[in-house]
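[1] Build me a structure from this.
(one chain, ligands or ions: 1)
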Amino acid sequence: MEITFWLERWSNNQTGFHQQKINPYLMYFYGEKGPAVEQREKLKVFVPLCGKSKDMLWLSQNRYRVFGVECSDLAVKGFFEENALNYKYAEKGQHALYQSSDLPSQIEIFQGDFFELQASDLEDVTDIFDRASLVALPVEMRQSYADKMAELQKPGVRTLLVTLTFDHTEMNGPPFSVTEDEVNALYANNFSVQKLLFKDVIEEEHGLRNRGLTSLVETVYKLVRK
Ligand SMILES: C[S@@+](CC[C@H](N)C(=O)[O-])C[C@H]1O[C@@H](n2cnc3c(N)ncnc32)[C@H](O)[C@@H]1O
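    As a prediction, the model looks like this:
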């Protein structure tokens, strides 16, 4: 999926992937199961291909610093404006950097191409939340995405990765089906890969059912950069 595809989706308001609810796995693993509140200010969570995800709001309200990357300026401005956050804007190399310090922890979003990020941009990132990001990319882009992720991260950085698995003959992506075998093939060289849980979600996913899916499993992994 080229960037022009996504820019068009945003300008046509075709953003069915955007959720009003906070992701339950994020709240579980970074909330009740996560580090104590007083330790969170030391942590910075990278949200790749972040859209205008409310998960970033939750992370900041829960004392995690947030760093997102998103190609669409409509999405980035939408995030700050819809959540009534003041923001500053600056040019940074190929990207535009938006920053808000209204909430307990700072939120920064780079508006530009994920594949142009440098390791120095993720210098102090400790954690990554990948929901609807890997699975937004077609199979021919996923190895480059996983390799770029490895290039950007220091050893020890943790990722919470949420994937979807379904019969890909039932629906054209995005989102795309990503199997456990593929997750291992993409990441196992550079990351330890732990499957945390999986859940049958077909009943809850009305939009994807309407697009033709008859079964759908969400799987959550913890990756740690070796
Ligand atoms: C399926 S959406 C998911 C958004 C977000 N993760 C969420 O949970 O709502 C994928 C997002 O990635 C953005 N995107 C796609 N390719 C990108 C790239 N190469 N660099 C930066 N953003 C990109 C799109 O504009 C879109 O907002």
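
[2] Can you identify each of the strands in the chain by residue range?
    The residue ranges that make up the strands of the chain, judged by DSSP state E, are 44-47, 65-70, 88-92, 95-100, 107-111, 127-131, 158-165, 191-200, 217-225.

[3] could these be laid out in CSV, adding mean neighbour count?
    Every C-beta, even on glycine, is put in place using the N, C-alpha and C of the backbone. Formatted as CSV, the strands of the chain follow (neighbours: other C-beta atoms under 10 Å):
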stretch, mean neighbour count
strand 44-47, 24
strand 65-70, 25
strand 88-92, 10
strand 95-100, 18
strand 107-111, 23
strand 127-131, 24
strand 158-165, 22
strand 191-200, 14
strand 217-225, 19
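
[4] okay, the ones you listed in CSV with distance to the ligand and mean pLDDT next?
    Shown next, in CSV, are these (distance: least, C-beta to the nearest ligand atom, whole Å; pLDDT from 0 to 100):
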stretch, distance to the ligand, mean pLDDT
strand 44-47, 7, 98
strand 65-70, 5, 98
strand 88-92, 15, 91
strand 95-100, 10, 93
strand 107-111, 8, 97
strand 127-131, 5, 98
strand 158-165, 9, 98
strand 191-200, 17, 98
strand 217-225, 13, 98
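
[5] Next up, the contacts around His168.
    Contacts for His168 (C-beta atoms under 8 Å, 6 or more residues apart in numbering) come out as 176-177.

[6] And it, how close does it get to Thr179?
    Look at His168 and Thr179: by C-beta to C-beta, to the nearest Å, they are 10 Å apart.

[7] Looking at strand pairing, list the partners for the residue most central in space within the chain.
    The residue lying closest to the centre of the chain (C-alpha atoms, centre = their mean) is Asp130, at 3.4 Å. With DSSP bridges as the criterion, Asp130 is bridged to Leu161.

[8] you'd agree it is up against Leu161?
    Yes - between Asp130 and Leu161 there is a contact at 4.6 Å, judged by C-beta atoms under 8 Å.

[9] Leu152 is in contact with Leu117, correct?
    Yes - counting by C-beta under 8 Å, Leu117 does reach Leu152; the two are 6.0 Å apart.

[10] How many neighbouring residues does Glu170 have?
    Glu170: 14 surrounding residues under other C-beta atoms under 10 Å.

[11] typed the wrong thing, it's Arg211
    Residues lying near Arg211 (other C-beta under 10 Å) number 14.

[12] What of Ala185?
    13.

[13] That one and Pro48, how far apart?
    Applying C-beta to C-beta, the value for Ala185 to Pro48 is 19 Å.

[14] again, but for Asp147
    13 Å.

[15] Right, I'll call it a day here.
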